[in-house]
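S.K.: missing the sequence, but the structure's below:
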């Protein structure tokens, strides 16, 4: 009897769930909202439903003011907050930016932001925070933070956020290349088989470009551990981590004789 009752409850739940998914207006609204991601700091900010937003079509220009990339969906901004709303397809922006930066290794991303005319004077600080939100998103998606800079007054004065691709001057380029010369990677605790994560994969691509420019450079891979455990085990763990990274670099085209 209990088994039959449980089956009936399950069937009733399934029917209601299917009806709600295809016919419920509130549910459709919820699905539509999940096609966008509100990017804000959960530790410090209150969530504000993105019902009122400034539309921000994204046009990416290069240093010559030529249009390189265009994204009609763009970025939306919630008024009087520093929150930005990114469409789920925004990962395409990151992919295209990475491809452009790979082809143009002396190029950096410059983020420009401003406040809306309807926002008060005390909201002016928000423009910088919005730019920081976008920068944080790019860094989390493995774009080197030494290739991201800020400026004021977007090129398109109708926009609140602009991205432009600019040539790095000598000082900026030196800082960026120094970030490639020395890189710290992190492995899981007690893991000796250092698996290539997104950080290592992104770094390897930059390293290959760097080695083409500086063909006489060589690479030293050093495996570290913490002080937990005995010294003999830690030496073994460190060597195994270094060997795994070395083997991965070779598999991606780094000449073995340079390691």
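M.R.: Arrived safely. What you see is a predicted model, and the numbers here were worked out from it, not measured in a lab.
S.K.: and stretch 237-255, how far from the chain's centre?
M.R.: Centroid separation for stretch 237-255 versus its chain: 25 Å, with CA atoms, centre = their mean, to the nearest Å.
S.K.: hmm, who's touching that stretch?
M.R.: Here stretch 237-255 makes contact (CB atoms under 8 Å, 6 or more residues apart in numbering) with 185, 187, 190-196, 200, 204, 207-208, 211, 219, 221-225, 256, 259. From N, CA and C alone the C-beta is placed, and that goes for glycine too.
S.K.: Just say helix, strand or coil for residue 151.
M.R.: Look at residue 151: counting by DSSP: H, G, I helix; E, B strand; the rest coil, its state is strand.
S.K.: neighbours around the closest residue to it other than its chain neighbours, how many?
M.R.: Closest residue to residue 151 apart from its sequence neighbours, by CB to CB, 6 or more residues apart in numbering: residue 112 at 4.8 Å. Per other CB atoms under 10 Å, the neighbour tally for residue 112 reads 20.
S.K.: In this structure residue 112 contacts residue 165, no?
M.R.: No: look at residue 112 against residue 165 with CB atoms under 8 Å: they stay out of range, at 12.0 Å.
S.K.: Just give the closest residue to residue 179, not the sequence neighbours.
M.R.: Per CB to CB, 6+ apart, closest to residue 179 is residue 146, 4.5 Å.
S.K.: Same question for stretch 245-259: list its buried residues.
M.R.: Residues 245, 246, 248, 249, 254 are the ones in stretch 245-259 that count as buried (16 or more other CB atoms under 10 Å).
S.K.: Count residues in the vicinity of residue 146, would you?
M.R.: Neighbour count for residue 146, taken as other CB under 10 Å: 17.
S.K.: The stretch 1-150 of the chain: strands as residue ranges?
M.R.: Taking DSSP state E, counting those that start in this stretch, the strands of the stretch 1-150 of the chain run over residues 36-39, 54-62, 67-77, 84-87, 107-113, 148-152.
S.K.: Since that was my last question, I'll sign off now.
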